[in-house]
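Trainee: A structural model of the following input is requested.
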Amino acid sequence: MQFFPEDWGKVLVPQAPIIESVVRISLVYLALFFMLRVILKRESGGLGISDLLVLVLLADAVQNGMAGQTTSVGDVLILAFTLIFWDWALSFLGYQFPWFYRLIRPKALQIIENGEINTANARKELLTRQDIMEELRLQGIQQLSAVKKAFIESNGEISIIKQDEEADEQRKSQKPKV
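Mentor: Next up is the predicted model:
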C-alpha cells in the first residue's frame, strides 16, 4: 500500500489551463444565475440564488477534486475561487450601482391587493390560487380577504401585509396632540 503519490505535480498543479477553468466556471455560473433569476424566482425562496449556486457548484467542483477524477487540487481551487469571486462581484456591483441591483434583484411583484389575487402577476410566476392559499396558511392567514397586499420578493419569498397591519402602522405613526 502506497501512502504518497509518485507525482505530486498531478495532485497539486492545475492540469487544465487556468484561463480555461476560469472562463468555463464563469460562463456556467453567470448563465445559471440569470436563468434562475428570470425563470425560477419563486422556487428559490429562502436562500438567495447566488448563495444556492455557489453551494451547488462548489460542491460539484470540490467533489471532483476530492474524488481524484483527473482534476488536481489546483484545478479545484481555481474553480472555487472563481465561483466565490463571481458571487462577491455580483453583490458588489449590485451595491455600487442601483441599475445593476435592479437587474440581479428584480423589484417585488404584487400578487394580492385588497383581498383580490392579481391573476396576471400570479400567472407570470405560475402561481395557482392553491399555491397562494397554501402560502397564506403557512403564514397563519385563513382567508384571502385578510390580506391587504402580498408580493413575491426578489428572493422568491412571498411577503404579506394584513388588512389590520396597515391601519396599526398608520395609528402608530400619528402622534397624539397634547
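Trainee: C-alpha from now on. contacts and neighbour counts both.
Mentor: Noted.
Trainee: Which residue ranges make up the domains of this structure?
Mentor: 8-104, 109-173 (automatic domain parsing).
Trainee: Give me the distance between the shortest one and the centre of its chain.
Mentor: For domain 109-173, the distance between its averaged C-alpha position and the chain's averaged C-alpha position is 21 Å (CA atoms, centre = their mean, to the nearest Å).
Trainee: Please apply the same query to stretch 73-93.
Mentor: Offset of stretch 73-93 from its chain centre (CA atoms, centre = their mean): 16 Å.
Trainee: Stretch 83-101 now?
Mentor: For stretch 83-101, the separation from the chain centroid amounts to 13 Å (computed by CA atoms, centre = their mean).
Trainee: Equivalent analysis for stretch 11-21, please.
Mentor: On CA atoms, centre = their mean, the centre of stretch 11-21 falls 29 Å from the chain's centre.
Trainee: Other residues contacting that stretch?
Mentor: Stretch 11-21 has contacts (CA atoms under 8 Å, 6 or more residues apart in numbering) with 5, 71-75, 78-79.
Trainee: In PyMOL, select just the buried ones from the residues you listed.
Mentor: Entered in PyMOL, the line below selects the buried ones among the contacts of stretch 11-21, by 16 or more other CA atoms under 10 Å:
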select buried, resi 71+72+73+74+75+78+79
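Trainee: Much appreciated, bye for now.
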